[in-house]
Every structure is written in structure tokens, then in C-alpha cells.
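In: one predicted model, sequence on top.
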Amino acid sequence: MTGNWAPNAIRENVHLVDYLKTQGIEVPLLPWAAELLQKRKDTLSKDDPEARCLPPGVPRMSTTPYPWSIMQTPKEIWIVYEGGAHIWRKIFMDGRAHDPKVEQTWLGDSIGHWEGDTLVVETVGQNDITWIDAAGIPHSSDMKVTERITRPDFGHMEITHIIDDPKTFSRQWTFTTKPTLLRGELIEYICQENNKDVDHLVGK
């Protein structure tokens, strides 16, 4: 998995519900979540936390339009993200269980294992501040995200994201992204410094 990767998932990031509809997939929002999503859409996503330099969380880290670097070792995997507040993520591969003291954090607690050539990563313990996409799909702090990551050939990766959050969705649901190997290196990305774009997010 080691290398630099481009997400190629801007449609999923902008409006995941509409994009999945084109594939015959429904995001099974509970009534309160559907109402909140519509409110966020009606105000043109003016309160999107990522627009204020806050980390996008999992699974949105995989769909924001910035590349990332993966560094793989036998006991842990590191992912360094160019965008999304230029944050890093650590996946423990040493067989440990989730930290029983895990608190609500921006990227949660991630543990992984291999199933053949598939890397399976389970993430829990995220706060409920992040949005799943830019349109504003919400989630609760009880959300569990399972990523099934494969590399079908040298230049391609597939990530199936499995979303399990009974407080927000009536059932489990999934979507898949297909990153490609990046031809180049990550560059410096500073969102926090001199951020003038927030002033334009007036919505309606």
C-alpha cells in the first residue's frame, strides 16, 4: 500500500446521495438526518466544518480532492493527507482491540487486519461534528466505518466504505472509491493561514 495516492472522488465528496442514486444505491437516512441534510443543502453548505480548516473525518478523508501518502509497516500503517487540515492518521496492525478509553476525536481510533490481499480497517470514536460529504450528510458519534482496501494492480486502489450508524441510518450502507497512484509528491497545503474564503460562505 505504500505510495502517494490521488483520491479521484470529487463527485462522492460534493454530493454523495445524488451520486449514489445514479448507481441505484440509496443512502438510508433516518427522518431527522434527512431533514438536517436538506437544511444544510438549502443554506449552500455554509457551515461545512472542512471549509473552516477542520479535519473531514472518516470516510470523507478518502474523497476530498487532495492526495495522501501511505507508509506501511508490519505493525502499523500511517496515512499523511495533503489537505483536510494537513492531518495524519495511524492504523494499528498489531492485533490490538480498540482503545476502551477512546474519546470523540476527528479521525477516531483505527485498527486493521489483512484478509488475503484486502486490508480491512475499522474506525470508531469519531465526533459528530464532521460531515460525510460537502452537501452535509450527518452522522452520530456512534458511527463505525469499515474500509476494505484492495490494490487490483500497481496503479490502482479500491476502497469500499461500509457505514454503520443506527442513530443516523436505518441500515448499513456502502460506497466505493477508486484512487490511483499519484505521479508526483504531496505539496504543502496550509488552510489555517490567511483563510479568506470563509467570508464568502454566506449561504442563504
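Out: Received, thanks.

In: and the strands in this protein?
Out: 3-6, 68-72, 76-81, 88-92, 109-115, 118-124, 144-153, 156-164, 173-177, 180-181 (DSSP state E).

In: a markdown table please, covering these and showing mean pLDDT.
Out: Formatted as a markdown table, those follow (pLDDT from 0 to 100):
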| stretch | mean pLDDT |
| --- | --- |
| strand 3-6 | 97 |
| strand 68-72 | 97 |
| strand 76-81 | 97 |
| strand 88-92 | 96 |
| strand 109-115 | 98 |
| strand 118-124 | 98 |
| strand 144-153 | 98 |
| strand 156-164 | 98 |
| strand 173-177 | 97 |
| strand 180-181 | 98 |
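
In: for D18, which of the ones you listed is the nearest?
Out: Across the strands of the chain, the minimum distance to D18, taken as C-beta to C-beta, is reached by strand 173-177, at 12.2 Å. Every residue, glycine included, has its C-beta placed from N, CA and C.

In: buried stuff in that closest one?
Out: Within strand 173-177, the residues that qualify as buried are 173, 175, 177, counting by 16 or more other C-beta atoms under 10 Å.

In: I'd say the first one and I25 touch.
Out: Yes. In this structure W173 lies within contact range of I25 using C-beta atoms under 8 Å: 7.3 Å.

In: what's the span of stretch 124-132, first residue to last?
Out: For stretch 124-132, the first-to-last residue distance is 14 Å (C-alpha to C-alpha, to the nearest Å).

In: my guess is H161 meets T176, correct?
Out: Yes. Contact criterion C-beta under 8 Å: H161 and T176 qualify, at 7.2 Å.

In: which of the buried residues of strand 173-177 lies closest to T73?
Out: For the buried residues of strand 173-177, the nearest to T73 is T177 (23.9 Å; C-beta to C-beta).

In: low pLDDT regions in the chain?
Out: By pLDDT under 70, the low-scoring segments of the chain are 197.

In: any idea how far D42 is from the residue in it sticking out farthest from the centre?
Out: Largest separation from the mean C-alpha position in the chain: K204, at 26.7 Å (C-alpha atoms, centre = their mean). Using C-beta to C-beta, to the nearest Å, K204 is found at 6 Å from D42.

In: swap in Q126?
Out: 25 Å.

In: neighbour count winner among those two?
Out: Between Q126 and D42, counting by other C-beta atoms under 10 Å, Q126 is the more crowded of the two (25 against 12).

In: quick one, what contacts the spatially closest residue to that one that is not a sequence neighbour?
Out: Setting aside the residues directly before and after it, Q126 is nearest to G108 in space (C-beta to C-beta, 6 or more residues apart in numbering), at 3.9 Å. Listed by C-beta atoms under 8 Å, 6 or more residues apart in numbering, the contact set of G108 reads 57-58, 102, 123-126, 145.

In: perfect, that will be all.
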